[in-house]
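# Predicted model follows, preceded by the sequence.
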Amino acid sequence: MTMMSTATKTGVVLQSRKKVDRLGRLVTLLFLFAGGVMILFPFIVMLSISFDKDAIFEFPFPFRLIPEHLSFENFRIAIINTHMPRLYVNTFMIAVGVIVISTFSALLAGYALSKLNVKGGKIILLVVLATLMIPSEATLIPLFMLFKKLQLINTYWAFYLPAIANIFGTFLAKQFMDGIPGELREAAIIDGAGEFQCFTKIYFALCMPIVATLIILTFLNVWNSFLFPLIMLNDPAKYTIQIGIALLNARTQTGQSPPGLNMAATVLSIIPVLLVYLFFQKYIIQSVAHSGIKQ
């Protein structure tokens with residue numbers, strides 16, 4: 001009897017724990033759903049306004065998300081007025097160059113600090129990381145004066161050259177490579193491989209998760225950058241997408257463009273960001289989690 005009563009009590013306890021776990025999961029899902037709705041709601045409203053030809057910056061009463069006059073006219077006018085294809089091409093040319101240069105330099109620096117046992121490497125890393133405390137706005141005027149003397153204003157080199165110093169990328173690459181065994185490099189050197197071969201054929205291939213993360217972060221930074229391109233570019237034919245949208249916003253505020261047109265241009269501007277993020281996002285958690293592991 002005692003054994004049966006004990007088993008019964010154990011079963012009751014397990015069932016109660018399962019109920020508590022289910023309730024906890026349900027509460028968690030409800031919180032996550034509410035948070036997701038709060039995050040997505042502004043984007044849904046933006047889409048609704050962009051498809052509404054007669055949209056205004058006020059919620060209609062009664063409230064509705066589906067426009068009364070559904071139309072693609074705003075997108076057609078936005079593409080024509082902002083020269084969207086040209087803005088896409090200009091921004092992609094800058095983004096691709098910056099991604100290639102900054103990612104490769106960050107991986108090289110991270111490899112050197114992680115695997116080459118550089119004398120004073122920790123001090124060098126601290127000094128490099130300390131530069132992150134300098135606001136980027138504080139470097140705009142010195143960079144502008146430097147590039148003006150070098151006659152690089154209104155050229156893409158004004159974006160490519162600063163990309164060589166990718167401080168945050170160097171830190172991420174170094175932390176990620178710390179988790180890769182150094183014995184791989186030693187074995188490759190014993191087999192006659194050079195240092196650059198060790199980097200390109202072994203470590204670079206193993207660093208694909210961090211490469212994908214750097215691509216995403218750099219692309220987002222370049223695509224959303226406004227102040228730096230505004231300072232470095234003065235030719236409308238080379239404007240980036242954020243400058244084009246800002247000019248459209250200025251016309252909207254003066255009443256020369258309807259709100260739906262502004263929202264349509266904004267929707268068009270975030271499509272490449274969503275595509276890049278969806279393509280590479282599976283690597284982000286893996287790379288960031290791995291970069292914090294010490295072996």
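Perfect, I can see it now.
# Could you give the average pLDDT over stretch 196-204?
Regarding stretch 196-204, the rounded mean pLDDT is 85.
# Alpha carbons of it, in PDB - could you do that?
This file holds the C-alpha atoms of stretch 196-204, laid out as PDB (Å, rounded to 0.1, in the frame of the first residue of the first chain):
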ATOM      1  CA  PHE A 196      48.400  32.900 -45.900                       C
ATOM      2  CA  GLN A 197      47.500  29.400 -47.100                       C
ATOM      3  CA  CYS A 198      46.600  28.400 -43.500                       C
ATOM      4  CA  PHE A 199      44.300  31.400 -43.400                       C
ATOM      5  CA  THR A 200      42.600  31.000 -46.800                       C
ATOM      6  CA  LYS A 201      42.300  27.200 -47.000                       C
ATOM      7  CA  ILE A 202      41.600  26.400 -43.300                       C
ATOM      8  CA  TYR A 203      40.400  29.200 -41.200                       C
ATOM      9  CA  PHE A 204      38.600  31.200 -43.800                       C
END
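# Give me the contact list for that stretch.
Stretch 196-204 is contacted from outside by Leu107, Leu108, Tyr111, Lys115, Met177, Ile180, Leu184, Arg185, Ala188, Ile189, Ala193, Val211, using Cβ atoms under 8 Å, 6 or more residues apart in numbering. No exception for glycine: its C-beta is placed from N, CA and C like everyone else's.
# Quick check: the farthest pair among the residues you listed?
Spatial extent of the contacts of stretch 196-204 (Cβ to Cβ) is set by the pair Ile189 and Val211 at 23.2 Å.
# Looking at the two now, which is surrounded by more residues?
The residue with more neighbours, out of Ile189 and Val211, is Val211; 23 against 13, by other Cβ atoms under 10 Å.
# could you list every residue that touches that one?
Contacts for Val211 were tallied using Cβ under 8 Å, 6+ apart; they are Thr103, Leu107, Phe204.
# now stretch 141-157: how far from the chain's centre is it?
Per Cα atoms, centre = their mean, to the nearest Å, the displacement of stretch 141-157 from the mean C-alpha position of its chain is 26 Å.
# coming back round to it: pull out the buried members of the contacts of Val211.
Thr103, Leu107 (16 or more other Cβ atoms under 10 Å).
# Kindly reformat the contacts of Val211 as TSV and extend each row with secondary structure and distance to Glu68.
Shown next, in TSV, are these (DSSP: H, G, I helix; E, B strand; the rest coil; distance: Cβ to Cβ, whole Å):
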residue	secondary structure	distance to Glu68
Thr103	helix	47
Leu107	helix	53
Phe204	helix	55
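# Nearest to Thr28 among the contacts of Val211?
Nearest to Thr28 out of these is Thr103 (Cβ to Cβ; 36.2 Å).
# Including secondary structure and distance to Gly121, could the contacts of stretch 196-204 go into a markdown table?
Below are the contacts of stretch 196-204 laid out as a markdown table (three-state DSSP; distance: Cβ to Cβ, whole Å):
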| residue | secondary structure | distance to Gly121 |
| --- | --- | --- |
| Leu107 | helix | 16 |
| Leu108 | helix | 14 |
| Tyr111 | helix | 12 |
| Lys115 | helix | 10 |
| Met177 | helix | 12 |
| Ile180 | coil | 16 |
| Leu184 | helix | 19 |
| Arg185 | helix | 15 |
| Ala188 | helix | 21 |
| Ile189 | helix | 19 |
| Ala193 | coil | 22 |
| Val211 | helix | 22 |
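# Name the nearest of these relative to Phe41.
Nearest to Phe41 among the contacts of stretch 196-204, with distances taken as Cβ to Cβ, is Val211, at 33.9 Å.
# can you tell me how far that closest one sits from Leu278?
Going from Val211 to Leu278 by Cβ to Cβ, to the nearest Å gives 17 Å.
# same question, Met133
According to Cβ to Cβ, Met133 stands 33 Å off from Leu278.
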